[in-house]
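A.B. asks: sharing a model prediction with you, sequence too.
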Amino acid sequence: MPTLENAPATAPTSRGRRRKFRILPYVLVSPAVLATMFIIFLPMLQAGFMSLHKYILYRPKDTPFIFLDNYIRAFGDEVFWISLKQTLIWIGLTVPLQALLGLVTALLLNQEFPWRAVARGLIIVPWALPSVVIGLMWSWIYHPSYGVLNDLLLRVGLLGSAMPWLANPDTALYSIIVALMWQGFPFFAVMFLAGLQAIPKSYYEAAQIDGASTWQQFRHITLPGLSGVMVTAFLLRIIWVANSIDVIYVMTGGGPGYNTHTLPLYSFIRVRSAMDFGYGSALAVIFTLMLLAAVVIYLRRVGKDIR
Amino acid sequence: MARKRTRLRSFLTVELPLIAIILFAIGPYVWMFITSVKPESELFTSQVIYWTAHPTLASYERLFQHTGFLGNLVDSLIVASFTVMVGLSLSVTAAYAFSRFRFPGRRLLMMQFLLINMFPIVLLIIPLFIIMRWFGLLDTYPGLIIAHSTFSIPFATWMMTSYMNAIPVSLDEAAMTDGCSRLGALWRVILPLCRPGVAATGIYIFITSWNEYLYAMTLTVQNVRTITVAIQTLIGEFEIAWGLLTAGGVIGALPATVLFMLVQRHLIGGLTRGAVKG
């Protein structure tokens, strides 16, 4: 009875309220959306605009529109291809190495032992350090004459004579990859550990009753249980590693020669040392599109079973 | 007997490998610290000296007396604190809207905030330099704070949405029945409840801003010099004085490391939850 009586009276107000609610979410999101418009999307348009111009900073009057010339120039640029190749090596080695060491660490941390909390705290140290400090620290470790790595290897007898790790074209890129592996594995360890702890213990108990070996348990319970976290962690890391140029910049500045150039670093160096904002922007745009394509392909392939 | 054997086995298969990994993880930092307390004469020897008998704080003294490192720490503190404030305050209402309302364009906007995190820093740094030059923002605090907000706003929005999703909607409704407005419910009920999440997000932004190098190096010169840039410039000003550099590294990395250890658990919760829910 009361519902019937109240119905006509409340209907208009509730409709009025709903209309107000429809505007409210947009009002609420507007500060963040407007801010990102101004400080992210507008600059990106500016980058696209600059990439279509000849734009060298110390010649501000002479910035003609050259359409796609910067892009065409990139594809004929030998350094572009060297950088692209090294970008692929860089991502292709660093991310799996980080993940592998991270997985081993997470599996170990997931066991019971007395000082587990301490171990967890110490493992994440590399993640928290500034990349400048990481670059300098590792340069000091790799130092050709006073570095601790050479000293250790010489003492053990693995090395006949001191090695200039960062100055040698054959070892420079890989030396930095080791440093970046070191920086990034705690992220994977912590993510994987969270994933491991979400797998119900009963699965393992059931498997043990059925006589599954440790390897079988790992293969059929642990790995599938981690797949959700893995997709996210890999995605975040691929993007992050692809973009991270500060450690390389601090350690070698892209050298010797072009041996540690990656695409974003090349773009950054063009801008910084040659003040060539047009070409640098074009390189950055190309790199962004490639990364975007890689992410889309990755999500199509790997993300399917997760959704 | 059997118990002793399993203890030994656990030591060999779990703790020993883990000790090796931990040594790998903290070794470089420890080595940097040892280097920083060595007397200058022991740094450049043909055979590396692993432990010094004469630890000294000389490098630290030089660092604070001759390089203006204290000023750099203050600059970093100012930039990082304001970046946190800007990031959190601009994103809190957006996160609430994403978490509590279903409105046309919601998925698109959320996607946008996720995608922004992906854009290469070079793509932004180049135009930001030009734009800030136009507006005279180069080498100022606001300039660098704006630059750091490019990562803090999307990150904060994404994380806070994830934290708010974990709080039952019934609490908002209860608050509104008791006479709160929507914003009142957010301010009085929801925000206090996700305080740990807000703190973790804020601290993470603080760390990222504190550690950030490329924007700081490109957009500031002299008036503003954060510690990351300062550490790097030590190389130029004083040849490569490794004692000074490592001292700077130890100090510069300390605040972020300590903060990070404090919040990592909350942070991972937010990250993985956000990831699973999409």
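C.D. replies: That came through fine. Computed from a predicted structure; not experimentally measured.
A.B. asks: who's in contact with A:E112?
C.D. replies: B:S10 (C-beta atoms under 8 Å, 6 or more residues apart in numbering or on different chains). Every C-beta, even on glycine, is put in place using the N, C-alpha and C of the backbone.
A.B. asks: what's the burial count for A:G76?
C.D. replies: 8 (other C-beta atoms under 10 Å in any protein chain shown).
A.B. asks: which per-residue confidence value corresponds to it?
C.D. replies: pLDDT for A:G76: 86.
A.B. asks: just give the closest residue to A:L103, not the sequence neighbours.
C.D. replies: A:F192 (5.6 Å; C-beta to C-beta, 6 or more residues apart in numbering or on different chains).
A.B. asks: next SSE downstream of the helix or strand where that neighbour lies?
C.D. replies: Using DSSP states H and E, A:F192 sits within helix A:172-197. Downstream of helix A:172-197, the first helix or strand assigned by DSSP H and E is helix A:201-209.
A.B. asks: what residues sit buried inside the helix holding A:F192?
C.D. replies: A:172-173, A:175-196 (16 or more other C-beta atoms under 10 Å in any protein chain shown).
A.B. asks: also stretch B:19-38?
C.D. replies: Those would be B:21-22, B:24-25, B:27-29, B:31-38, for stretch B:19-38 by 16+ other C-beta under 10 Å.
A.B. asks: avg pLDDT for the helix holding A:F192?
C.D. replies: pLDDT averaged over helix A:172-197 gives 91.
A.B. asks: and it, what other elements does it pack with?
C.D. replies: Judged by 3 or more C-beta pairs under 8 Å, 6 or more residues apart in numbering or on different chains; DSSP states H and E, helix A:172-197 is in contact with helix A:78-109, helix A:116-123, helix A:125-128, helix A:131-142, helix A:223-243, helix A:246-251, helix B:16-37, helix B:242-277.
A.B. asks: can you rerun that using 6 Å?
C.D. replies: helix A:78-109, helix A:125-128, helix A:131-142, helix A:223-243, helix A:246-251, helix B:242-277 (3 or more C-beta pairs under 6 Å, 6 or more residues apart in numbering or on different chains; DSSP states H and E).
A.B. asks: is any part of the second one close to chain B?
C.D. replies: When you say that, I think you mean helix A:125-128. Yes: contact of helix A:125-128 with chain B (C-beta under 6 Å from any C-beta of the partner chain) involves A:125-126, A:128.
A.B. asks: so what touches that helix?
C.D. replies: A:182-183, A:186-187, B:25-26, B:29, B:256-257, B:260 (C-beta atoms under 6 Å, 6 or more residues apart in numbering or on different chains).
A.B. asks: let's see it at 10 Å
C.D. replies: The contact list for helix A:125-128, computed with C-beta atoms under 10 Å, 6 or more residues apart in numbering or on different chains, reads A:134, A:137, A:179-190, B:22, B:24-30, B:207, B:210-211, B:253-261, B:264.
A.B. asks: tell me which of the helices and strands packed on helix A:172-197 lies nearest to A:F49.
C.D. replies: helix A:78-109 (21.1 Å; C-beta to C-beta).
A.B. asks: mind checking how far that closest one is from the chain centre?
C.D. replies: 10 Å (C-alpha atoms, centre = their mean, to the nearest Å).
A.B. asks: quick check: angle from it to helix A:223-243?
C.D. replies: Angle of helix A:78-109 versus helix A:223-243, following axes from the mean of the first three to the mean of the last three C-alpha atoms, to 10 degrees, is 140 degrees.
A.B. asks: just the buried residues of helix A:78-109, please?
C.D. replies: Buried, per 16+ other C-beta under 10 Å, within helix A:78-109: A:79-80, A:82-84, A:86-87, A:90-91, A:93-95, A:97-99, A:101-109.
A.B. asks: now the angle between helix A:172-197 and it, please.
C.D. replies: Using the same axes, to 10 degrees: helix A:78-109 against helix A:172-197 is 40 degrees.
A.B. asks: distance of the residue nearest the centre of chain A relative to B:F151?
C.D. replies: Taking C-alpha atoms, centre = their mean, the centroid of chain A lies closest to A:W240, which sits 1.3 Å from it. Distance, A:W240 to B:F151, using C-beta to C-beta, to the nearest Å: 11 Å.
A.B. asks: any shared contact partners between those two?
C.D. replies: With C-beta under 10 Å, 6+ apart as the test, A:W240 and B:F151 both reach B:N117.
A.B. asks: who's in contact with B:F119?
C.D. replies: Applying C-beta under 10 Å, 6+ apart, the residues near B:F119 are A:40-41, A:43-44, A:47, A:239, A:243, A:284, A:288, A:291-292, B:150-151, B:154.
A.B. asks: could I get the phi/psi values of it?
C.D. replies: phi -60, psi 130 (degrees, to the nearest 10).
A.B. asks: now swap in A:H53 and tell me
C.D. replies: phi -120, psi 160.
A.B. asks: ok, now which ones touch it?
C.D. replies: A:63-67, A:69-70, A:277-278, A:281-282.
A.B. asks: is A:R59 in a helix, a strand, or coil?
C.D. replies: coil (DSSP: H, G, I helix; E, B strand; the rest coil).
A.B. asks: tell me the spacing between it and B:P127.
C.D. replies: 18 Å.
A.B. asks: where are the low-confidence patches of the chain?
C.D. replies: I'll assume chain A. Along chain A, segments meeting pLDDT under 70 span A:1-21, A:303-307.
A.B. asks: chain B, not that one
C.D. replies: B:1-5, B:236-239, B:265-278.
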